[in-house]
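**Student:** just a sequence and a predicted model for now, questions to come.
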Amino acid sequence: MTSSGIQRWEEIQHGLQHISEAISVIVNSFLVFLIINKSPKKLGSYKYLMIYISDFEILYSFVDFVVAPFFYSYGPALLVIVNLEESLFNKPIAFVLLCSYSGFFGTSMAIFGIHFIYRYLVATGSLLLATFSTWKIVLWLSFPIFYGVVWGAGSYFLCAPSEYTTEFVRENILNNFNLQMEDIAYFGLNFYGTDNNGKQFIVYEQVVGIVVNSFIITSSLSTAVYFGVKTYYKINELTNKVSLRTSNLQSQLLYSLVVQTMIPVILMHIPVTIIYTFAFMGHGMGTICGIASITISMYPALDPLPTIFIIKNYRNYVLNMFSCCSAKYESENNTASREAAVMRQNPNLRKI
């Protein structure tokens with residue numbers, strides 16, 4: 001790709017990121033309104049978890065907007081970069097913000113694990129459910145935050161810029177982005193190094209970072225799958241033991257949560273895993289990695305939609321809102337048409 005093509009690709013990438021961020025704030029704010037004002041009475045403490053995830057996604061979009069990161073890989077090196085020439089912050093602050101952005105990535109899946117645990121506790125009538133109605137809910141909500149802190153700390157300490165990585169990508173970054181390494185902040189992985197004798201070696205501290213991140217993803221996803229499956233079967237068992245309304249609500253919440261969980265898996269974890277894999281094999285994907293920056297920013301914009309359209313109370317409110325707008329528009333059009341017809345039949349009225 002030519003330098004002008006890369007510049008154009010950067011503009012498209014950042015434009016799509018900012019559009020997604022704006023949509024995320026609007027849609028998540030609307031969902032919070034629905035949760036507070038239109039939730040079924042039987043939703044209980046779960047509405048606080050729903051508000052928690054919407055607030056998290058709004059904050060994620062804000063951090064994405066402020067940091068404006070982009071992914072790039074070259075050979076075995078994978079970098080997440082901030083262009084300091086376009087940033088409001090100096091290099092140390094930009095690096096801290098970039099690692100915070102990374103921490104949000106680690107928190108995203110862990111949040112859904114807590115949601116699935118709650119749904120299972122509801123389905124089984126567990127005594128632990130009461131902890132979500134007391135101050136102990138803070139302990140539950142702290143688990144995803146802890147995962148995010150660990151992920152962000154790994155980026156800060158294990159994937160910090162190194163002299164070897166900086167020199168390895170210096171010329172390539174200059175050729176592709178017309179940026180000196182002093183003009184960017186980055187954290188990244190460089191799986192292989194070369195010693196003074198030209199012998200290649202594995203950078204084990206970065207492998208440790210990958211192992212930690214893999215544990216976070218695996219444990220979060222495993223928790224969601226395990227409790228999701230158990231909840232599904234438990235709801236089916238209870239179908240004939242609870243009211244139809246309660247059974248339908250539990251099913252709606254579970255299906256909504258399943259779709260919500262699939263969105264970050266598809267838009268975040270799969271693209272990044274592909275990029276990691278190619279870098280680990282020593283085949284950097286270059287500027288095409290920017291697709292990951294776009295899809296990650298799309299996650300908080302799309303994630304509220306399943307809740308809005310699967311939960312019946314919310315869906316009905318949205319449909320009624322559009323029906324009212326449509327009816328009002330049609331009424332105004334009909335009135336204008338009748339007035340135009342009267343004017344054609346009585347042209348003298350125009351002179352009044």
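**Tutor:** Structure received. Numbers count the residues shown, from 1 in each chain.

**Student:** show me how far stretch 250-260 is from its chain's centre.
**Tutor:** 17 Å (C-alpha atoms, centre = their mean, to the nearest Å).

**Student:** one more: stretch 237-253?
**Tutor:** Between the centre of stretch 237-253 and the centre of its chain there are 30 Å (C-alpha atoms, centre = their mean).

**Student:** first-to-last residue distance for it?
**Tutor:** Start-to-end span of stretch 237-253 (C-alpha to C-alpha, to the nearest Å) is 16 Å.

**Student:** again with stretch 196-206
**Tutor:** End-to-end distance for stretch 196-206, by C-alpha to C-alpha: 20 Å.

**Student:** list the buried residues of it.
**Tutor:** Along stretch 196-206, the positions that meet the burial threshold by neighbour count (16 or more other C-beta atoms under 10 Å) are 203, 206. Heads up, the C-betas are built off the backbone N, CA and C, glycines and all.

**Student:** now what about that stretch, what contacts it?
**Tutor:** Residues outside stretch 196-206 that contact it (C-beta atoms under 8 Å, 6 or more residues apart in numbering): 158, 159, 189, 190, 191, 192, 193, 194, 195.

**Student:** now list the buried members of those.
**Tutor:** Buried among those (16+ other C-beta under 10 Å): 158, 159, 189, 190, 191, 192, 193.

**Student:** list the contacts of the first one.
**Tutor:** When you say that, I think you mean residue 158. Shown here is residue 158, whose contacts under the criterion C-beta under 8 Å, 6+ apart are 205, 206, 208, 209, 212.

**Student:** rerun that using 7 Å as the cut-off
**Tutor:** Taking C-beta atoms under 7 Å, 6 or more residues apart in numbering as the criterion, residue 158 is in contact with 205, 206, 208, 209.

**Student:** pLDDT at the last one, what is it?
**Tutor:** What it means is residue 209. Here the pLDDT value assigned to residue 209 is 84.

**Student:** how about residue 13, secondary structure?
**Tutor:** With DSSP: H, G, I helix; E, B strand; the rest coil as the basis, residue 13 sits in helix.

**Student:** for the residue nearest to it when sequence neighbours are not counted, the count of nearby residues, please.
**Tutor:** Once its chain neighbours are removed from consideration, residue 13 has its nearest residue in residue 290; the separation is 4.6 Å (C-beta to C-beta, 6 or more residues apart in numbering). If you count neighbours by other C-beta atoms under 10 Å, residue 290 ends up with 21.

**Student:** wait, isn't residue 290 in contact with residue 71?
**Tutor:** Yes: the pair residue 290 and residue 71 passes the contact test of C-beta atoms under 7 Å, sitting 6.1 Å apart.
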